[in-house]
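Asks: Just to be clear, the model below is a prediction. Sequence and coordinates:
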Amino acid sequence: MLSRYSIFSLARNALSYHEDWPRAWRSPEPKPAYDVVIVGGGGHGLATAYYLAKNHGITNVAVIERGWLGGGNTGRNTTVVRSNYLWDESAALYEHALKLWEGLSQELNFNVMFSQRGVLNLAHNQHDLRELQRRINANRLNGVDSEFLSPREIKSFVPIIDLRAGGRYPGLGAALQRRGGTARHDAVAWGYARAADALGVDIIQECPVTGFQIENGEVRAVETGKGTIRANKVGIVVAGHCSVLAGMAGFRLPIHSLPLQALVSEPVKPVLDTVVMSGAVHAYISQSDKGELVIGAGVDPYVGYGQRGSLPVTEETLAAVCELFPMFRRMRMLRQWGGIVDVCPDASPILSKTPVRGLYINCGWGTGGFKATPGSGWAFAHTVANDAPHSLNAAFSLDRFRTGYLIDEHGAAAVAH
Amino acid sequence: MAPPPWRTEGENIEMLVIPCPHCGPRCEIEFSYGGQAHIARPSDPAAVDDQEWANYVFLRDNTKGVFLERWVHTHGCRKWFNVARHTVTYEVLASYESGKKPPKLTLETLV
């Protein structure tokens, strides 16, 4: 039985020098069969399993993960959470996620350290400004909080920024979503894993998928490194490797897998208490609770599965960061890494049924999946449980590439890709 | 593969060195990417339905392993050509002119 985390459990465990905390989740061997198998133990997969159990009463569920929980993009992103997307379909999905974020620590009884410190998107030229205004208006019509800041207001909000008009990247204005912010990425995976496990979900790590058994166009079982696991339904939630998994099931996806890199600096005293993004210069930056600057760069432009980024991209990003924040010029970077992001032609995700009956796919989140974790799992669980999409994700089908109803969030999301 | 002329043998170059078939080996920042190579436009467009158009426009191999892809030498001769590259190790195995068949490679795929 799961023990609740609270001030009392903290005090009780302090008496035993914190050496007797129970495991947060079990590590069972896989059963021969499940109602639902979720492939991929990142945030989205674990959230899917949690909402399957909680919202739909389906608890005979396994989450199988090739490596360890949250070891892929969940543990590699820059933890920015926001919902200020342009189009109605995206705004609805990401705003639903943001509302779930706001109660997530209480819901999961796990501190995901969600910090609504605000997310600022900078405009550096007249075109940026017009697009920014358009997006702010679209956000407000959709009930998403978004406001415009003049250069003077930016400067008072982020005093260390350099907005000089004579500089390389003049700051002419910014969009601010005050409800946006950051969260602790590992805690999201661990919190969902612990809560799903408590509801009966089996979490099986170090279990790579090697194939699917498909009969008469319907999925029957998943072949894994720990043997064959029969399943009535299977959900693929694997981000960068979605094309590889889809290939095993015999269909193709409109996805490119690209390396996206991030880096952190040495820790310093608190200096930046918000998230600053600039889509135009491919850089975004925030400061972690440990004091490290967390910097996100753009994607490498070519298909790649090596989890690192190329140095020209690092250089471009750091050059921009140094222009915007001259005081960071002598900071040293401690770590740099890459995650493999699954980018769709319209930069919007796919949460959909597939040509194989009983097989569902959740992919294509590209460079911005972390913020959507709760909403993605919530909507995908509905899709798997009911064999039909929720109204939140009906537009994000695989079929939209045939109908032409694309949800183009490339420049519109004002993100760095 | 030989290093570009301004680099010495054995020097560690932390970016792709792409052999342009016309200009020789150059660093990746001189090039732009064009995605999967050898995708043929439907020869009879009027006879193609929406699904086939969608396949032609959007569906791509996203190979984990040796991948044949298009590059253009934007800051050089500005010609398009094809490259065989390993998408895990990022080794550039061969380059060849557009319209030519790929050279013989062992096209094994890692998973």
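Replies: Sure thing, it's come through. Numbers count the residues shown, from 1 in each chain, chains lettered A, B, ... in the order given.

Asks: Tell me where the stretch 1-150 of chain A has helices.
Replies: A:7-15, A:43-56, A:88-102, A:104-108, A:126-141 (DSSP state H, counting those that start in this stretch).

Asks: Just send these back as TSV, with mean pLDDT, distance to A:D399 and mean neighbour count too.
Replies: (C-beta placed from N, C-alpha, C; glycine too.) Output for these, formatted as TSV (pLDDT from 0 to 100; distance: least, Cβ to Cβ, whole Å; neighbours: other Cβ atoms under 10 Å in any protein chain shown):
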stretch	mean pLDDT	distance to A:D399	mean neighbour count
helix A:7-15	94	48	10
helix A:43-56	98	21	28
helix A:88-102	97	14	21
helix A:104-108	97	31	18
helix A:126-141	94	25	16
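
Asks: Let me have these in TSV, adding distance to A:P28 as columns.
Replies: Putting these into TSV (distance: least, Cβ to Cβ, whole Å) gives the following:
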stretch	distance to A:P28
helix A:7-15	24
helix A:43-56	14
helix A:88-102	27
helix A:104-108	20
helix A:126-141	44
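
Asks: will you turn those into a markdown table that also has distance to chain B?
Replies: Formatted as a markdown table, the helices of the stretch 1-150 of chain A follow (distance: least, Cβ to the nearest Cβ, whole Å):
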| stretch | distance to chain B |
| --- | --- |
| helix A:7-15 | 43 |
| helix A:43-56 | 19 |
| helix A:88-102 | 18 |
| helix A:104-108 | 32 |
| helix A:126-141 | 22 |
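
Asks: okay, now A:A385: neighbour count?
Replies: Burial measure for A:A385: 19 neighbouring residues, criterion other Cβ atoms under 10 Å in any protein chain shown.

Asks: give me the element it is part of.
Replies: helix A:373-386 (DSSP states H and E).

Asks: What lies in contact with stretch B:40-54?
Replies: For stretch B:40-54, the external contacting residues (Cβ atoms under 8 Å, 6 or more residues apart in numbering or on different chains) are A:F401, A:R402, A:T403, A:G404, B:Y56.

Asks: thinking again about what came up before, of all the helices of the stretch 1-150 of chain A, which lies closest to A:R329?
Replies: helix A:126-141 (24.2 Å; Cβ to Cβ).

Asks: Could you check how far A:I229 is from chain B?
Replies: 18 Å (Cβ to the nearest Cβ, to the nearest Å).

Asks: Likewise for A:S288?
Replies: 26 Å.

Asks: List the residues that contact that residue.
Replies: A:S288 neighbours (Cβ under 8 Å, 6+ apart): A:T182, A:V264, A:P267, A:V294.

Asks: Can you list the low-confidence ranges for chain B?
Replies: For chain B, applying pLDDT under 70 flags the ranges B:1-13, B:106-111.

Asks: circling back to that earlier point, mean confidence for the helix holding A:A385?
Replies: Mean per-residue pLDDT for helix A:373-386: 98.

Asks: May I have it exported as PDB, CA atoms only?
Replies: What follows is helix A:373-386, C-alpha atoms only, in PDB (Å, rounded to 0.1, in the frame of the first residue of the first chain):
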ATOM      1  CA  THR A 373       2.500  16.000 -20.700                       C
ATOM      2  CA  PRO A 374      -0.700  16.000 -18.500                       C
ATOM      3  CA  GLY A 375      -3.000  17.000 -21.300                       C
ATOM      4  CA  SER A 376      -1.400  14.600 -23.800                       C
ATOM      5  CA  GLY A 377      -1.800  11.700 -21.400                       C
ATOM      6  CA  TRP A 378      -5.400  12.800 -20.500                       C
ATOM      7  CA  ALA A 379      -6.500  13.000 -24.100                       C
ATOM      8  CA  PHE A 380      -4.600   9.900 -25.300                       C
ATOM      9  CA  ALA A 381      -6.100   7.800 -22.400                       C
ATOM     10  CA  HIS A 382      -9.500   8.800 -23.600                       C
ATOM     11  CA  THR A 383      -8.600   7.800 -27.200                       C
ATOM     12  CA  VAL A 384      -7.300   4.400 -26.100                       C
ATOM     13  CA  ALA A 385     -10.200   3.700 -23.700                       C
ATOM     14  CA  ASN A 386     -13.000   4.600 -26.100                       C
END
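
Asks: Spell out which parts of chain B neighbour chain A.
Replies: B:14-16, B:28-29, B:32-33, B:35, B:50-51, B:54-55, B:57-64, B:67, B:69, B:85, B:87-90, B:111 (Cβ under 8 Å from any Cβ of the partner chain).

Asks: Can you say which of these are buried?
Replies: B:16, B:28-29, B:32-33, B:35, B:54-55, B:58-64, B:67, B:69, B:85, B:87-88, B:90 (16 or more other Cβ atoms under 10 Å in any protein chain shown).

Asks: Could I get the full set of helices for chain B?
Replies: Using DSSP state H, the helices of chain B run over B:50-57.

Asks: tell me which parts of chain A are close to chain B?
Replies: So far as Cβ under 8 Å from any Cβ goes, chain A lies against chain B at A:241, A:243-244, A:252-257, A:301-306, A:310-312, A:345, A:401-404.

Asks: Quick one, which of the residues you listed are buried?
Replies: Buried members of the residues of chain A next to chain B, counted by 16+ other Cβ under 10 Å: A:241, A:243-244, A:253-257, A:301-305, A:310, A:312, A:345, A:401-402.

Asks: Tell me where the stretch 251-400 of chain A has helices.
Replies: A:311-324, A:373-386, A:400-403.

Asks: give the contact list for the nearest residue to A:E89 once chain neighbours are set aside.
Replies: Nearest non-adjacent residue to A:E89, counting by Cβ to Cβ, 6 or more residues apart in numbering or on different chains: A:A395, 4.2 Å away. Residues near A:A395 by Cβ under 8 Å, 6+ apart: A:E89, A:Y405, A:I407.

Asks: before we move on, what about B:L68?
Replies: Counting by Cβ under 8 Å, 6+ apart, B:L68 has contacts B:Q36, B:A37, B:H38, B:N82, B:V83, B:A84, B:P102.

Asks: list the contacts for the fourth one?
Replies: For B:N82, the contacting residues are B:A37, B:H38, B:L68, B:E69, B:R70, B:W71, B:S95, B:Y96, B:E97, B:S98, B:K100, B:P102, taking Cβ under 8 Å, 6+ apart as the criterion.

Asks: Return the member of those nearest to A:L163.
Replies: Out of the contacts of B:N82, the member with the shortest distance to A:L163 (by Cβ to Cβ) is B:W71, at 37.7 Å.

Asks: Wait, that closest one touches B:K79, no?
Replies: No - contact between B:W71 and B:K79 fails when scored by Cβ atoms under 8 Å: they sit 9.7 Å apart.

Asks: Who has more neighbours out of the two?
Replies: B:W71 (26 against 14).

Asks: Could you check what's spatially nearest to the more buried one, not counting adjacent residues?
Replies: B:W71's closest residue in space is B:F31 (Cβ to Cβ, 6+ apart), at 4.9 Å.

Asks: Ok, A:W365 next?
Replies: In space, A:W365 is closest to A:P349, 4.7 Å off (Cβ to Cβ, 6+ apart).

Asks: Count residues in the vicinity of the one you found, would you?
Replies: 27.

Asks: could you list every residue that touches it?
Replies: So A:P349 contacts A:N362, A:C363, A:G364, A:W365, A:G366, A:G369, A:A372, A:S376, A:F396 (Cβ under 8 Å, 6+ apart).
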